[in-house]
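>>> Build me a structure from this.
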Amino acid sequence: MSNRSAAAEDRSSGFVTPGNMLRALLQRQGQCLMMPGAFNALCARAITQAGFEAAYISGAATSVSAGVPDVGILTLDHFCRTIREAFDACGLPIIADADTGFGESEMVRRTVVEYARAGAAGLHLEDQVFPKRCGHLDGKKLVPLDHACEKVAAAAAAARELKGSSAGFLICARTDARGVDGFEAAVERAGQYVRAGAEMIFPEGLTSEKEFAEFAISLRRSLGPSRWCWLLANMTEFGKTPMIPARRFADLGYNCVIYPVTMLRIAMGAVEKALGVLRETGSAETLLSTMQTREELYRLIAYKPGVEWAFPVR
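The predicted structure follows:
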């Protein structure tokens, strides 16, 4: 289904799919859509209430929340459960990390279908070998270019077949080539992924504003006027990318920026400090001023004691 016919179906039914909602946000000129990472459903709901228009599900945050490293250990079902819970809680369009696609092309197709059924607006696939590594660590290895293109093409074909509430599902291709084979290789791979069907490119591990700008210019020049893609920037902390504001990413040519582990790092930093205080003093009294109150928590989940709570229907 084309973007135009999918949008027409949305209007006729009175329902805008997550994918087409995301596309509308990305099409706004001169803006970079901010997508904070939700590591669970409650965080996703807080993202909505803070006024953000979209969210992100990180493979790293999902993995470490389950107590395992970000090396591709968790199953497709685990990721889909996280997506479904987050989407039910927030109702925002979500781009979800699909790591290396949970297998070869057959599994990539299934991943697209299952992510869409769970409520995601789109996903991104990366071109690392399995087991993968965090994109800001050294020692990464890439799959051959033709292999990566095959998986992107499988994802794009599956997305085009989606209808109804899954219409407009967006395929983003991530390349980790910058830290393995260099900047030019990253541009080359990104261009091939667009030709294979990706509508968005995620260049991982860029190291400066200059590189972000040069990547955007070089990629769009290589594609020519007949092809286009959206660009996603990753604003992760303590990695190879310096801290860059969203408004600056817009100037550099990027359509959206993800904050994959930001909220998890803040939350767990506070948890570890609080546990230290509790262990040392034997009381949480001095922590009360830093806590979310009972009333604030209830307000976040739209709950009033004694009043029947309505589960959100998406």
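>>> For the residue nearest to T236 when sequence neighbours are not counted, give me its contacts.
Leaving aside its sequence neighbours, T236 sits nearest to P260 (C-beta to C-beta, 6 or more residues apart in numbering; 5.6 Å). (Glycine included, C-beta is placed from N, CA and C.) P260 is in contact with G37, Y56, S58, A60, A61, D97, N234, T236, counting by C-beta atoms under 8 Å, 6 or more residues apart in numbering.
>>> same check, this time on T290
Residues in contact with T290 (C-beta under 8 Å, 6+ apart) are A270, A274.
>>> so what's G179 closest to, chain neighbours aside?
Closest to G179 by C-beta to C-beta, 6+ apart is G205, at 4.3 Å.
>>> now N20
Using C-beta to C-beta, 6+ apart, the nearest residue to N20 is G168, at 3.8 Å.
>>> Give me the neighbour count for that neighbour.
Number of residues near G168 (other C-beta atoms under 10 Å) recorded here: 27.
>>> Mind pulling up the pLDDT for it?
pLDDT, G168: 97.
>>> With I73 as the reference, measure out to it.
From G168 across to I73, the span is 31 Å (C-beta to C-beta, to the nearest Å).
>>> The residue lying closest to D70 once chain neighbours are set aside and P260, how far apart?
Closest residue in space to D70, ignoring its immediate chain neighbours: A60 at 4.0 Å, by C-beta to C-beta, 6+ apart. Using C-beta to C-beta, A60 is found at 6 Å from P260.
>>> Now do the shared contacts for these two.
What both A60 and P260 touch, as defined by C-beta under 8 Å, 6+ apart, is the set D97.
>>> Just the pLDDT for E9.
pLDDT recorded at E9 is 47.
>>> nope, P305 is what I meant
pLDDT recorded at P305 is 92.
>>> For the residue lying closest to it once chain neighbours are set aside, give its distance to R174.
Take P305 and drop its neighbours on the chain: the residue closest to it by C-beta to C-beta, 6+ apart is Y298, 7.4 Å away. Here Y298 is placed at a distance of 38 Å from R174 (C-beta to C-beta).
>>> which of the two has more neighbours?
Taking neighbours as other C-beta under 10 Å, Y298 and R174 compare with R174 leading, 28 against 14.
>>> Next up, the contacts around the more buried one.
Here R174 is in contact with H124, L125, E126, D127, G135, I201, F202, P203, E204 (C-beta under 8 Å, 6+ apart).
>>> need these in CSV with distance to V187, can you?
Output for the contacts of R174, formatted as CSV (distance: C-beta to C-beta, whole Å):
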residue, distance to V187
H124, 17
L125, 18
E126, 16
D127, 13
G135, 17
I201, 10
F202, 13
P203, 8
E204, 13
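>>> Kindly indicate which of those lies nearest E161.
L125 (16.9 Å; C-beta to C-beta).
>>> Within its sheet, name the partner strands of the helix or strand hosting that closest one and how each one runs.
Per DSSP states H and E: L125 is located in strand 122-126. Next to strand 122-126 in the sheet, as set by DSSP bridges, lie strand 94-97 (parallel), strand 170-175 (parallel).
>>> Below-threshold pLDDT in the protein: ranges please.
Residue ranges of the chain with pLDDT under 70: 1-14, 133-137, 314.
>>> list the buried ones in the longest helix anywhere in it?
Longest helix in the chain, counting residues (DSSP state H): helix 262-281. By neighbour count on 16 or more other C-beta atoms under 10 Å, the buried set for helix 262-281 is T262, M263, L264, R265.
>>> Off-centre distance for it?
Between the centre of helix 262-281 and the centre of its chain there are 25 Å (C-alpha atoms, centre = their mean, to the nearest Å).
>>> Same question for stretch 234-254.
Worked out by C-alpha atoms, centre = their mean, stretch 234-254 lies 15 Å from the chain centre.
>>> For it, which outside residues touch it?
Outside stretch 234-254, the residues that reach it (C-beta under 8 Å, 6+ apart) are 30-32, 34, 134-136, 179, 202, 204-209, 212-213, 216-217, 220, 231-233, 257-262, 265.
>>> what about R221, helix or strand, and which?
Short version, using DSSP H and E: R221 is in helix 209-223.
>>> Kindly calculate the angle that that helix makes with strand 170-175.
Angle, helix 209-223 to strand 170-175, by axes from the mean of the first three to the mean of the last three C-alpha atoms, to 10 degrees: 120 degrees.
>>> Give me the contacts around helix 209-223.
Residues contacting helix 209-223 (C-beta under 8 Å, 6+ apart): 178, 183, 186-188, 190-191, 194, 201, 203, 206, 228-229, 231, 233, 242, 244, 248-249, 252-254.
>>> just the buried members of those residues?
Using 16+ other C-beta under 10 Å, the buried ones in these are 178, 183, 186-188, 190-191, 194, 201, 203, 206, 229, 231, 233, 244, 248-249, 252-254.
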